[in-house]
Each structure stands twice: as C-alpha cells, then as structure tokens.
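> Provided below are the primary sequence and the corresponding predicted coordinates.
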Amino acid sequence: MTTFIVKKKPLGTTLEPGMIFVGEDAVGGDVRRTDVDPPVIIPFGFAEPLEGDVPKITTPDDKIRFCETATVIARQEKTDRDYLVSVAYYHSANLTKFGKFTDSRIGPFQFTIKEWIAATAPFNAPIVQYPPTDLFQWNRQITPAARRAAEKTKAYNDAKGRLPMPVELYFFERMDSGAIDFLKLAEEHPETICEAITIPAPDGSFSAEIKGMTGRRVGALVQEVRDGLMKGFGDSRADINKLPAHNRYFHDEDWAPWLAVAQMMKGDSLQTSTDKLPATFMSTIVAAPTPSAAFVAFCMIFCGEPAVKSKLPPANMEKPQTWATWGAAAPDPAPAGAVVLTNATVAQGIGILAEPATKDPVQVWLCSRNAGTVKVEVKEVAKTAITMWRWLDLSATVTDAQAVVRAPGSNDGLFVEKAPGIIAKLIADFMLSDIQAAAILGNIGHECGGFRSMQEIHPTGQDGRGGLGWCQWTDTRRTSFEAFAATHGGVLRDDANYGYLKQELDGPQYSKVVKTLRDINDMRQAVEKFERGFEVADLATVNYESRMRYAGIALGLHRQKLDTPIS
C-alpha cells in the first residue's frame, strides 16, 4: 500500500487537493483507493504517490524547539509534557527517525492516517485546522497528540477512579477501554501470546497490530513499552534542560527538584532500609539535633540542581532557624516545595510543603526520630503553626535579556483575551520560541488595534478598500483572505483569520519569513524582521514602538500563564 496526495478534486468524491489517502496502483495509471469500503478508483493524474523519508529533525536546535513546543501545548491542553516527549523520544530514536511516507505509522507520535484523522476530526469543525498533510510535519503532530492524551487521561480517570501511569495511558490512547482488560491480562497472565487476546480488534487498529505480533507475549510487550517510555524520558532530559526556565520547569518537582528527593525518602523505618539514598541520609543525621532540618538539607544537596546548592545556608543547616535566611519569602499561596518553619506545636520545627498551600491545614514533608526509628512522611500542619514560608525561585536564576514584557492597558481587553491562545498556536505550528511568536502578535496587535479594528479606519491601497482582518490584508491579499474566509466562517472569525495567516506563512512567499525569524532571539529585531517581511507597512507610519508594546504584552501574558507549576 502507498500513501497518495490529491492533486485535483476527483468528481464524485469528498477528496480535495492536499488531502491524503491510502491506495495502490491500478490499471492505466489510475489509483485504487483502499482506505474506504468499497474501494474507489481515482483517475490518472488526480493523485500522486508520496515517496521517501518523512521530513525529520536535522539540528540540535530543532530538538530543543520540539521540547519547547511540547511544553507550551501540554500546558495549553492540560496534559503531561513529560509523557508526550517520552512517547516521541521512544518511538523516534530520540527524534531522529520519523519513518517513510510508505510506512503505516509516521512521525514522532507514530500516527497512522486513520488515527490522525480520528485525533484531529473533533477539532476541525467548522474550520479545518489540521489538513491531512500536517501528519507529515513533526511539529504539527504535537497538538493532536496532547489533546488525545488529555482526553484519554480524563476517560481513564473516569473509568478507574485514578490517573493512569504512563504505560497505561499509552495503551489506553490506542485501545480505548480494551486497554484495561489487556493490561490486566498482561499483569495476571503475562505469558499469553498476543494472537490469543480477545479484545475487539477492528482492521487497522492498534489491537489488530498486537494480535498480528506472532509469538510475542503480552507481558513482554507491555514491559517493552514501559522500558521504552522510561528510556524516552531519560533521553529527553538533556534537551529539556536546555530550555529557558519558564519552559523547562513543568511539574512541582521541576520547580522544586528537592521534592523528588523527599518523595524517594518516604518510609517508616529508614534506619533499616537497604536503599542507597536512605542509607546515605542515615549517615548524616547521627548527631543532628533536629532530624527534619537535616532532612531538608539532604533533599537540597541531593536534588542535583547546582543553583540550589549555591543558595544553601552557610552553616548549621541541621538547625531549623538557619533556614530563615534561605531563599526569599514565599508567594501567597506558597508553592509546593516551599520550606516552612513552625512553632513549638510541631515537634519537627521545619519541613517541605508537599503541595500548594491552597488549603488549611497544609500537607508537609517531615522527618522524625523516635526511639531509634527514623520516619519521613507527609503530615497535616495548620497554617497558624507555620511561622515562616521560604521559597527559592529557580526561574530567577536564568535571565532573558531579549525579553521585553509590558503591562496591558484599559483598552487591551480583547488582546488580553485572545493573545495567549494565538501565541500557543504559532509556537506549535511554526516551531517558534515565545519571543518570536510574540513578535508576530506584536505586529498583529498593532495592525488591528488589539483586535478592535478589523477594517482599516483610513483605507489605502490600490483598490481603495484598505486592510481587512487581523493583519489588515490589502488589495490582492485582501481578496484572497475574503475568499478563504467565505468558506471558513467569515472575516470576523478568529479561526478564519488564523487559518489564512497559517496558509500564508506555510506558502512559498512567506514561509521564508518564518525561517528567518527562527534565528532571531532579540524581540526588537524579531518585530522589525516580521514587519519588513510580512506586513510591509509604509515606513512613515510603521510605528515600531506600538508593535513592540503589543509584543511585550503578548509575551507577558504567555509567560504569566506558564509560570505556575502544574501539580
């Protein structure tokens, strides 16, 4: 079977130019479409095969862009960034192999054409946002993958009453409710051969692929996926760690890596543990007057973050009050990972906040020693018992001299509402940094007055009608935009405006503007470069300060939205 792309619309079909389908060569150069029942003959010249390798990542910077885009979209869709990159790195040999056009599964998330259409269909009406050919663009796979993960995480939680583990979500995404029975079978009867599974397995489904794995054992298959996801997670860390702080940190344990150490130390009898970490800890608290203070220090030292170690109190870390000088006062409510000092009603005197302090009492990691038994546990502590909340903001350890953030004004309500979603789409669709995407938003904001003026107030241009839409498209570009919008909801629709912007930036004339933009990290340069290459305003009225203002507002809104850890 071969993947074909439609060159022109075949009469009597729903195919449109640019769509893809699966088929095989037929008599006389015609194509027999086989992904429908019954098969359909597409006349010679109406479609052509896609051959060779699917476009792949070729530079280290693009790997980092992939991780940055996954971070932004995961937050947008409220799913787990680390799961997404683990799947992608596992399937694609660390983003180096996306397959061939002739493969059944393609790209970093290994979508089949059928899965791709299913994953994007709910988000395509009434505006087509994910044409079938986007399947072959690795950056365009991230949003559907994130949406699928978010949807299936919720479905699994509804079915089982808890969130799925990564390997459970992996199979549940691809097998729906049948995954629960399959995983149970793999746990209870791991030697069962794949051909013998009895869950529904329609043609072309992942379940059917499993049934076709001759001689494989279900337990070994699940373990292979589990190991692959763990390896993918580990292999992605080097690229994740190269992201700027506002995108690198995702979970509470990213913003406060000492939390991960605390969780690994949990136990009722650390002095008898054979694990290396508790044994090392026990050797440090022999003479410590307050085990919980020594525990806090231990978590900081072993979290692996140099910036944390450099901020440790200079002496007497085993005494709670020493930590009153650590970091800075925590924001309100305090984030997970804040160090809390307590009054005498809490014997330990100091601990680490286990989750954001949005409730009272709060959950705190504490260490106690009683009759020789050393225990690390989470306990409830009343807020009235906490005398001090301390926090180390790791994002402040990385400066971004190129970022210019502005506060919105009283007339910027529409821009404040729309900009965060648009900037996330630009990052996802065009592999841009947030500064580069904000530069585009800065130009758009200036052109349409923060989305308040869709028609140019003082019309200019060859046809005298002036600019229209987000980008104030003029003359022939206006005519093209109007034709596009007529079939995409109308000129006032955000989806129509973004859809046409995306079409232009994907096209031969303006794609080079995006390519140039990717090499710029200074916001002013990015704003000016996009304006000169895409907007091409009259130099007498270009007003770069207004464009910079909107870009700064967009960046601030974006980073404000992302700078909250996801528990």
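Now that the structure is in, tell me what you want to look at. Numbering: from 1, shown residues only.

> Going by C-alpha atoms from here, please, whenever you check contacts or count neighbours.
Noted.

> how long is stretch 304-322 end to end?
The first and final residues of stretch 304-322 sit 22 Å from each other (Cα to Cα, to the nearest Å).

> same thing with stretch 478-496?
13 Å.

> Excluding chain neighbours, give the residue nearest to residue 162 in space.
On the basis of Cα to Cα, 6 or more residues apart in numbering, the spatially nearest residue to residue 162 that is not a chain neighbour turns out to be residue 156, at 7.4 Å.

> where does the one you found fall, helix, sheet strand or coil?
For residue 156, the reduced secondary structure class is helix; criterion used: DSSP: H, G, I helix; E, B strand; the rest coil.

> Now for the residue lying closest to residue 29 once chain neighbours are set aside, how many residues are close by?
If you skip the residues right next to it in sequence, residue 29 has residue 44 as its closest partner in space, 5.2 Å away by Cα to Cα, 6+ apart. The criterion is other Cα atoms under 10 Å. On that basis, residue 44 has 15 neighbouring residues.

> So residue 44, which state does it fall into?
Per three-state DSSP, the secondary structure class of residue 44 is coil.

> just for the chain, where's the confidence low?
Applying pLDDT under 70 to the chain flags the ranges 1, 122-130, 267-279, 282-287, 396-403, 460-462, 561-567.

> the residue most distant from the middle of it, which is it?
In the chain, the greatest distance from the average C-alpha position (Cα atoms, centre = their mean) is reached by residue 371, at 47.8 Å.

> any idea how far residue 289 is from that residue?
On the measure of Cα to Cα, residue 371 and residue 289 end up 14 Å apart.

> Could you do residue 184 as well?
When residue 184 is compared with residue 289 (using Cα to Cα), they lie 48 Å apart.

> Identify the bridge partners of the residue lying closest to residue 266 once chain neighbours are set aside.
Using Cα to Cα, 6+ apart and skipping residues adjacent in sequence, the residue nearest residue 266 is residue 376, 4.9 Å away. Bridge pairing for residue 376 (DSSP bridges) gives the partners residue 267, residue 367.

> Tell me where the chain has strands.
Using DSSP state E, the strands assigned to the chain run over residues 2-6, 20-25, 31-33, 40-42, 47-49, 328-329, 339-342, 350-353, 362-370, 373-381, 386-391.

> Of those, which is nearest residue 178?
For residue 178, the closest of the strands of the chain is strand 20-25, at 26.4 Å, according to Cα to Cα.

> so what's residue 69 up against?
For residue 69, the contacting residues are 139, 142, 427, 428, 431, 432, taking Cα atoms under 8 Å, 6 or more residues apart in numbering as the criterion.

> Run a quick check on the second one versus residue 70, I expect a contact.
Just to be clear, that refers to residue 142. Yes. Contact between residue 142 and residue 70 holds when scored by Cα atoms under 8 Å: they sit 6.3 Å apart.

> Please enumerate the shared neighbours of those two.
Counting by Cα under 8 Å, 6+ apart, the shared contacts of residue 142 and residue 70 are residue 428.

> hang on, the earlier thing: identify the farthest-apart pair in the contacts of residue 69.
142 and 432 (13.5 Å).

> roughly how far is the top helix by length along the chain from the heart of the chain?
Secondary structure of the chain read by DSSP state H shows that its longest helix is helix 218-240. Relative to the centre of its chain, helix 218-240 is centred 18 Å away, using Cα atoms, centre = their mean, to the nearest Å.

> Contacts for it next, please.
Applying Cα under 8 Å, 6+ apart, the set of residues contacting helix 218-240 from outside is 63-64, 67-68, 82-83, 85-90, 94, 166-167, 183, 185-187, 189-194, 248.

> Show me how the protein divides into domains.
2-49, 60-240, 257-391, 413-562 (automatic domain parsing).

> sorry, back to before: hey, which of the strands of the chain is tucked in deepest?
Ranked by mean neighbour count under mean count of other Cα atoms under 10 Å, the strands of the chain are led by strand 350-353, which reaches a mean of 27.

> what's in contact with it?
Identification of contacts with strand 350-353 by Cα under 8 Å, 6+ apart yields 259, 292-293, 296, 320, 335-342, 362-367.

> need the helices for the stretch 251-400 of the chain, in chain order.
With DSSP state H, counting those that start in this stretch applied, the stretch 251-400 of the chain shows helices at 252-255, 258-264, 276-284, 291-301, 306-309, listed in chain order.

> wait, which of those helices is closest to residue 532?
In this view, the helices of the stretch 251-400 of the chain are compared for proximity to residue 532 by Cα to Cα, and helix 252-255 is the closest at 38.8 Å.

> list the helices and strands the closest one packs on?
Using 3 or more Cα pairs under 8 Å, 6 or more residues apart in numbering; DSSP states H and E as the contact criterion, the secondary-structure elements in contact with helix 252-255 are helix 258-264.

> Name the residues of the helix it packs on that are buried.
Within helix 258-264, the residues that qualify as buried by neighbour count (16 or more other Cα atoms under 10 Å) are 258, 259, 260, 261, 262, 263.

> and if you look at stretch 531-544?
Residues of stretch 531-544 classed as buried by neighbour count (16+ other Cα under 10 Å): 531, 533, 534, 535, 542, 544.

> before we move on, what about stretch 413-430?
Buried, per 16+ other Cα under 10 Å, within stretch 413-430: 415-416, 419-420, 422-430.

> Correct me if wrong: residue 456 contacts residue 464.
No. Residue 456 lies out of contact with residue 464 (Cα under 8 Å); the separation is 10.5 Å.

> neighbour-wise, which of the two wins?
For residue 456 versus residue 464, the count of surrounding residues by other Cα under 10 Å is larger for residue 456: 18 against 11.

> Just give the nearest non-adjacent residue to the more buried one, would you?
That would be residue 467: by Cα to Cα, 6+ apart, it lies 4.9 Å from residue 456.

> can you pull the contacts of that neighbour?
Listed by Cα under 8 Å, 6+ apart, the contact partners of residue 467 are 454, 455, 456, 459, 460, 461, 473, 474, 475, 478.

> 7 Å instead?
455, 456, 459, 473, 474, 478 (Cα atoms under 7 Å, 6 or more residues apart in numbering).

> what does residue 18 give?
Residues in contact with residue 18 (Cα under 7 Å, 6+ apart) are 5, 6, 7, 133.

> In JSON lines, list these along with distance to residue 511.
What follows is those, written out as JSON lines (distance: Cα to Cα, whole Å):
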{"residue": "5", "distance to residue 511": "21"}
{"residue": "6", "distance to residue 511": "22"}
{"residue": "7", "distance to residue 511": "21"}
{"residue": "133", "distance to residue 511": "16"}
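
> between these, which is nearest residue 280?
Relative to residue 280, the closest of these is residue 133; by Cα to Cα it sits at 54.2 Å.

> show me what contacts the closest one?
By Cα under 7 Å, 6+ apart, the contact list for residue 133 reads 18, 19, 20.

> I'd like the residues you listed written out as a markdown table, with distance to residue 50 added.
Listed next are the contacts of residue 133 as a markdown table, based on distance: Cα to Cα, whole Å:
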| residue | distance to residue 50 |
| --- | --- |
| 18 | 12 |
| 19 | 12 |
| 20 | 9 |
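
> thinking again about what came up before, the residue nearest to residue 29 against residue 27, yeah?
No. Contact between residue 44 and residue 27 fails when scored by Cα atoms under 7 Å: they sit 9.4 Å apart.
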